[in-house]
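next comes the sequence, and after it the predicted model I'd like to discuss.
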Amino acid sequence: MKTSDKTVVHNLGLEACGGGANMVAADVKDGKLVRIRPMSFENDYTKEELNYWVLEGRGGKTFEPGMKTPTPPFPLVYKRRTYSKNRIPFPMKRIDWDPEGERNTQNRGTSKYVRISWDEACKLIAAEVKRVHDEYGPYAILCQADGHGESKAVHCCHGCQTTMLDLCGGSPVQARNPDSWTPGKAGTGAPSTHGEWTRSGRTPSRPTRRRTSPSILMPCCTGAATSRRPRRLGADNWRASLPSGSTIAA
């Protein structure tokens, strides 16, 4: 019995800020997702190619990573999320909202919705951004830029919406809560250390770090082999942009 037409390897991380996390093998049949399972390395790699490690503890007990991804529950049940009856797979607008006339803001949360096309949705969004900018200025639109949630690559905390609003004149930056290690590092400690805040929320920017750092320590990774953006952050690129005499320790 044929169980799938093809298998797609993809990341289904709940909180990945646009990078890869929780890699899975997704089986597709007749254009539909039929099964999600951990990704196996055995068919494509040997243990030697993966630098496979084994730790030996007390009493001869051994620990090893295994030859498949340790996939948590959220990605494994993602098929239900994909085909849930509660999912909205197309743009909609309030049935009594007319951008050229009565907006009926008093009915928000109570009025029904009607489906619209993607072209109409794009035109409405562009018109509303322009209207707010013309009336109140670009900093009247807040760009939600938090990666603590399902993000992927398009709408993640450093995604397309940040770039779009930058090109339109800028926008306020979300102040993230300092009780998490990410904003604590990027939003609280790093500006005081480096004296710089970047629009993307990363502090300081990678070009600045590379230009001003006599050495860069990359614990448990190498820029070329383990970076989630190897083309951009590969070790050769890092070395090329470092000042003369600087070193990389990985």
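Cool, the structure landed. Owing to the predicted nature of the structure, the values given are computational and were not obtained by experimental measurement.

now Thr24: which helix or strand?
For the record, residue 24 is Val, not Thr. In the assignment (DSSP states H and E), Val24 maps to strand 23-29.

partner strands of the helix or strand following that strand and their direction?
Following strand 23-29 in sequence order, the next helix or strand is strand 32-38 (DSSP H and E). Strand 32-38 has its sheet partners listed here by DSSP bridges as strand 23-29 (antiparallel).

now the strand it pairs with: average pLDDT?
Strand 23-29 shows an average pLDDT of 90 in the prediction.

do stretch 40-60 as well
Per-region confidence: stretch 40-60 scores 89 on mean pLDDT.

ok, and what's touching that stretch?
Here stretch 40-60 makes contact (C-beta atoms under 8 Å, 6 or more residues apart in numbering) with Ala25, Thr62, Phe63, Glu64, Pro65, Met67, Lys68. Just so you know, the C-beta spots here come from the backbone N, C-alpha and C atoms, and that holds for glycine as well.

quick one: buried residues of it?
Of all the residues in stretch 40-60, those buried under the rule 16 or more other C-beta atoms under 10 Å are Phe41.

first to last residue in it, what's the distance?
27 Å (C-alpha to C-alpha, to the nearest Å).

from the contacts of stretch 40-60, which land in strands?
Among these, DSSP state E puts Ala25, Thr62, Phe63 in strands.

which member of those residues is positioned nearest Thr110?
Among the ones in strands among the contacts of stretch 40-60, Ala25 lies closest to Thr110 (C-beta to C-beta), at 43.8 Å.

so the closest one is in contact with Leu33, correct?
No - using C-beta atoms under 8 Å, Ala25 is not in contact with Leu33, being 11.4 Å away.

what touches both of these two?
With C-beta under 8 Å, 6+ apart, Ala25 and Leu33 have no common neighbours.

in stretch 126-133, what's buried?
Val129, His133.

which residues touch that stretch?
Pro99, Ala140, Ile141, Cys168, Gly169.
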